[in-house]
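**Student:** pasting the sequence and the predicted model now:
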Amino acid sequence: MRAMVLRRVGEPLALEDLPLPRPGPGEVLLKVEACGVCRTDQHIADGELPPPRLPLVLGHQVVGRVAALGEGVEGIPLGARRGVGWLGGTCGACKFCRRGQENLCPEAEFTGYGRDGGYAEYTLARAAFTYPLPEGLPAEGLAPWLCAGLIGYRAYRMVRDREVLGLYGFGAAAHLLLQVARHEGKRVYAFVRPGDEAAKAFARELGAVWAGDSTEDPPEPLEGALIFAPVGELVPKALADTEPGGVVVLGGIHMSPIPPMPYRLLWGERTLRSVANLTREDAQAFLEVAPKVPVRAEVEVFPLEEANRALEALRGGGLRGAAVLVP
Ligand SMILES: [Zn+2]
Ligand SMILES: [Zn+2]
């Protein structure tokens, strides 16, 4: 099979021919239909998030069809469309797993990080960590659901009881969540990279009541804020934009240092918290709500071989929506 392989951080991915992997016990082999390109992939490729092993096949937003079943896998027919996200496996026994926080399992395996992912024609996944996906939609439109959607939704759940929300960084996650938030009657303010008029227009098109530069003040105080841009300066800014009792959620896995800030920004019982990974329950909840909205991902499709160009587009910030690779 063809795969785009990360051999060394800081170097472009290499197109290679790899042997077709065989599913072990509890695993499925998926023929990849599409795989999303996530900011996390870029952080891994650039070494900001050092990979636990090399060489590595990136990609944790995989839409595929079951091509082979490992021993003991039941209830998943050959040919079924399944999705794989960042959470590739957990121990199932530690205190985090037992109390519904499998996202924090110290033994957790992550797709396209500890396990090979979907920048390839085929990939292996633990069957219990794959999700059924709807048939009627194109694979490239579903791929962003599997990280931008799933982990974004976990972040959104932390502010779901609020009415006035700010989204900081208007990329793959924000453009999907804005649709869910609008569907649930929220007033959403979108903050974009200063001067990015295209992103502002896109946010307004999708139903943001206001879109402005991330340096601008919102017209009303926020009740909740979600930060998806990996920019530490946005933390004091979002706290300043948020009313007492507000919640600021950091949705990324990597962020530049957070600058020192006066205590008064946090005082007033504001909550500042991160979101790490996701649970399968988050995934199921998002996959239940997404088709009802319905969530439509704006995608830019790249052939598998052009994964480096897709990563470069992500670094440059010029993408509208999400980048997706198609083998
Ligand atoms: Zn565990
Ligand atoms: Zn991701």
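**Tutor:** Received, thanks. Ligands and ions are numbered 1, 2, ... in the order given.
**Student:** who in the chain is up against ligand 1?
**Tutor:** With the criterion set to Cβ under 5 Å from the ion, the chain comes near ligand 1 through Thr90, Cys91, Cys94, Cys97, Cys105. Every C-beta, even on glycine, is put in place using the N, C-alpha and C of the backbone.
**Student:** now intersect those residues with the strands, please.
**Tutor:** When DSSP state E defines the strands, the subset of those inside them is empty.
**Student:** just flag the most distant two among these.
**Tutor:** Using Cβ to Cβ, the residues of the chain next to ligand 1 span at most 8.1 Å, a distance reached by Thr90 and Cys94.
**Student:** those two - which one has more neighbours?
**Tutor:** Neighbours were counted for Thr90 and for Cys94 using other Cβ atoms under 10 Å; Thr90 has more, 24 against 16.
**Student:** surely the more buried one and Arg98 touch.
**Tutor:** No. Thr90 lies out of contact with Arg98 (Cβ atoms under 8 Å); the separation is 10.6 Å.
**Student:** related to what we said a few turns ago, give me the common contacts of Thr90 and Cys94.
**Tutor:** Both Thr90 and Cys94 are contacted by Cys105, Glu107, under the criterion Cβ atoms under 8 Å, 6 or more residues apart in numbering.
**Student:** check the chain for its longest strand and report it.
**Tutor:** Under DSSP E, the chain gives strand 27-37 as its longest strand.
**Student:** so how far is that one off the chain centroid?
**Tutor:** 16 Å (Cα atoms, centre = their mean, to the nearest Å).
**Student:** how about that strand, which residues are buried there?
**Tutor:** Glu27, Val28, Leu29, Leu30, Val32, Glu33, Ala34, Cys35, Gly36, Val37 (16 or more other Cβ atoms under 10 Å).
**Student:** how about stretch 312-321?
**Tutor:** For stretch 312-321, by 16+ other Cβ under 10 Å, it's Ala313, Leu314, Leu319, Gly321.
**Student:** now the helices: where do they sit in the stretch 1-150 of the chain?
**Tutor:** 39-46, 95-98, 139-142, 148-157 (DSSP state H, counting those that start in this stretch).
**Student:** got the contact list for stretch 68-76?
**Tutor:** Counting by Cβ under 8 Å, 6+ apart, 22-29, 66, 78, 82, 127, 130 sit against stretch 68-76.
**Student:** between those residues, which sits nearest ligand 1?
**Tutor:** Ligand 1 lies nearest to Gly26 out of those, by Cβ to the ion, at 15.8 Å.
**Student:** so who does that closest one touch?
**Tutor:** By Cβ under 8 Å, 6+ apart, the neighbours of Gly26 are Gly70, Glu71, Gly72, Val73, Arg126, Ala127, Ala128.
**Student:** so which pair among those residues is furthest apart in space?
**Tutor:** Glu71 and Ala128 (13.7 Å).
**Student:** pick out whichever of these two has more residues nearby.
**Tutor:** Using other Cβ under 10 Å, the more surrounded residue of Glu71 and Ala128 is Ala128, with 14 against 9.
**Student:** how about the more buried one: what's its closest non-neighbour residue?
**Tutor:** The shortest distance from Ala128 to any non-neighbouring residue, by Cβ to Cβ, 6 or more residues apart in numbering, is to Gly26 (6.9 Å).
**Student:** what about that neighbour, distance to ligand 2?
**Tutor:** 23 Å (Cβ to the ion, to the nearest Å).
**Student:** got phi/psi on that residue?
**Tutor:** Dihedral pair for Gly26: phi 80, psi 0, per degrees, to the nearest 10.
**Student:** equivalent analysis for Leu226, please.
**Tutor:** phi -120, psi 120.
**Student:** circling back: and which of the contacts of stretch 68-76 is nearest ligand 2?
**Tutor:** Taking Cβ to the ion as the measure, ligand 2 lies nearest Thr130 of these, at 16.2 Å.
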